[in-house]
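Novice: 3D, please:
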Amino acid sequence: MSSPSPIQLIQRTIPASVALIAVSKTVSVEKMRLAYDAGIRDFGESRLQEALPKLEAFRTLTDVSWHFIGHLQANKVRKVVENFKWIHAVDTLALVQRIDRVAQDLGRSPNICLQVKLLPDPDKFGWSADSLRAELPALEICQTVAIKGLMTILPQGLTADQQFSTFCAVKDLAAEISAHSQLQLSELSMGMSGDYLQAIAAGSTMVRLGRILFGERTLT
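Specialist: Predicted coordinates for the structure are as follows:
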């Protein structure tokens, strides 16, 4: 019997209830195919121009789900809606509304996660808890997008306890919004290579893993 691959070993640390999104930014199609052979079915990309050839290479594999996880610019919305099932880092009301209009025009209904930033971090985007609460009425009337949950990226330098408590705060915010608005936020896109175990312990339903699956990235 052959030994499990590194990807299979990581998969064993993740409950079946949590989706493992393999962050394949800068990763070759060949390595992605090895990940697919190891059981990966969700891939996350953050650069549209890099992603489109990969989507084409996997076109015949109908069980693959594509997640756009990068900061989305308004001029890339149409192509992202055309090609991705999930859009994770939706960080403003204006962007949600644009995605909603484009999705309606294209006859598509992408799943989106609202990006929140519960701790100060100048390098990250997203709503604060209060700003998200204030814009819930406008979010509720979006007709085409499926607002599925919250997404977050933690600041660098937190302890494991701080990571866990912040992820718990995101989960509590999702539960509060689900209880007091028309939005039902059942998905929590939380956890990356350095903090995914804390995210899972806090209730994450989707983890976004790159380095721990594919090794250090080649900067481009």
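
Novice: so how far is Thr60 from the most centrally placed residue in the chain?
Specialist: Nearest to the mean C-alpha position of the chain, by CA atoms, centre = their mean, lies His88 at 3.9 Å. Separation of His88 from Thr60 (CB to CB, to the nearest Å): 25 Å. Using the backbone N, CA and C atoms, a C-beta is placed for each residue, glycine as well.

Novice: can you tell me the helix or strand for Ala94?
Specialist: helix 93-106 (DSSP states H and E).

Novice: Let me know the secondary structure of Leu72.
Specialist: Counting by DSSP: H, G, I helix; E, B strand; the rest coil, the backbone at Leu72 sits in coil.

Novice: these two touch, right, it and Ile87?
Specialist: Yes - Leu72 lies in contact with Ile87 (CB atoms under 8 Å); the separation is 6.6 Å.

Novice: shared neighbours of those two, anything?
Specialist: Jointly contacting Leu72 and Ile87 under the rule CB atoms under 8 Å, 6 or more residues apart in numbering are Val80.

Novice: roughly how far is the least confident helix or strand in the chain by mean pLDDT from the heart of the chain?
Specialist: Ranked by mean pLDDT, DSSP states H and E, the helix or strand of the chain with the weakest confidence is helix 6-11, at a mean of 89. In terms of CA atoms, centre = their mean, to the nearest Å, the centre of helix 6-11 is found 20 Å from the chain centre.

Novice: And it, what does it pack against?
Specialist: Packing contacts for helix 6-11, counted by 3 or more CB pairs under 8 Å, 6 or more residues apart in numbering; DSSP states H and E, involve strand 19-23, helix 211-214.

Novice: Now do stretch 14-24, average pLDDT.
Specialist: In this model, stretch 14-24 has an average pLDDT of 96.
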